[in-house]
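1. I would like the atomic coordinates for the input below:
(one chain, ligands or ions: 1)
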Amino acid sequence: MASQRTLELGGGENPATDGVNVDVAAVPGVDVVADVTEEWPFERDSFDRIEAHHVLEHLPHDDLPTVFRQVAETLRDDGEFYAEVPLAHSRSAKNDPTHRSTWYWRTPMYYTAEDELSYEVGADAGLTVVHRHVRLFGTSGKWYARPPSWLLKQLSRRNPSLIEFVKLPYVTGVLEFTMRKRG
Ligand SMILES: C[S@@+](CC[C@H](N)C(=O)[O-])C[C@H]1O[C@@H](n2cnc3c(N)ncnc32)[C@H](O)[C@@H]1O
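-> Residues are numbered from 1 along each chain as shown. From the prediction side, this is the model:
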């Protein structure tokens, strides 16, 4: 079987994959310099997997339908898009002045046809959310943060909407989600 082709959005100097790293900054480690909110320089159906680690929150909400459309166009059928973003309630989401979009539990759903309000962003790119998960941890992984973090992780698995009520401003939380391109 041919090896998987992976595209990483905004990997910068610290890509998480060994795939093609596209970033707006021309820094070491970047393979293709391009703004992912513009038209992408990649062929349709040319990647099996796309990843974005701490990038989507740097893009304005207005540009995200364009990004998700191109995620779907660039993935092969059944290909997956994995992203991690800071959860909107967390300190790490709020303290960075370069953040342009906020991400709640429900936000990824808007970029699929699955949410009743997704028509508001005009999104039916052909993507389906197949997995969502919240990872919480305290500052520097302090020992006293581990038990509540573990508990919240379990809660977010069993009843994700609870996370929306917990709103812990001093906890760093990361929302991870995976979308699959409908074949
Ligand atoms: C917080 S850094 C994350 C870098 C890396 N993914 C990591 O996890 O360490 C955000 C990255 O997104 C890139 N970026 C921001 N806006 C972009 C855009 N419109 N198009 C492409 N890359 C962008 C930045 O240049 C930067 O490398």
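2. tell me which element the residue nearest the centre of the chain is part of?
-> The residue lying closest to the centre of the chain (C-alpha atoms, centre = their mean) is residue 83, at 2.6 Å. With the criterion set as DSSP states H and E, the secondary-structure element containing residue 83 is strand 75-86.
3. Tell me the secondary structure of residue 49, please.
-> When states are read from DSSP: H, G, I helix; E, B strand; the rest coil, the local structure at residue 49 comes out as strand.
4. list the contacts for it?
-> With C-beta atoms under 8 Å, 6 or more residues apart in numbering as the criterion, the residues that contact residue 49 are 4, 5, 6, 7, 17, 19, 75, 79, 80, 81, 82. C-beta: built from backbone N, CA, C; applies to glycine.
5. need these in TSV with neighbour count, can you?
-> As requested, those are arranged in TSV below (neighbours: other C-beta atoms under 10 Å):
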residue	neighbour count
4	12
5	15
6	20
7	27
17	16
19	19
75	26
79	24
80	20
81	28
82	18
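6. By pLDDT, rank the residues you listed and give me the bottom one.
-> The pLDDT minimum for the contacts of residue 49 sits at residue 4, where the score is 83.
7. For it, which non-adjacent residue is spatially closest?
-> Sequence neighbours aside, residue 48 is the residue nearest to residue 4 in space, at 4.4 Å (criterion: C-beta to C-beta, 6 or more residues apart in numbering).
8. what distance separates the longest helix belonging to the chain from the middle of the whole chain?
-> What stands out as the longest helix in the chain, according to DSSP state H, is helix 146-158. In terms of C-alpha atoms, centre = their mean, to the nearest Å, the centre of helix 146-158 is found 20 Å from the chain centre.
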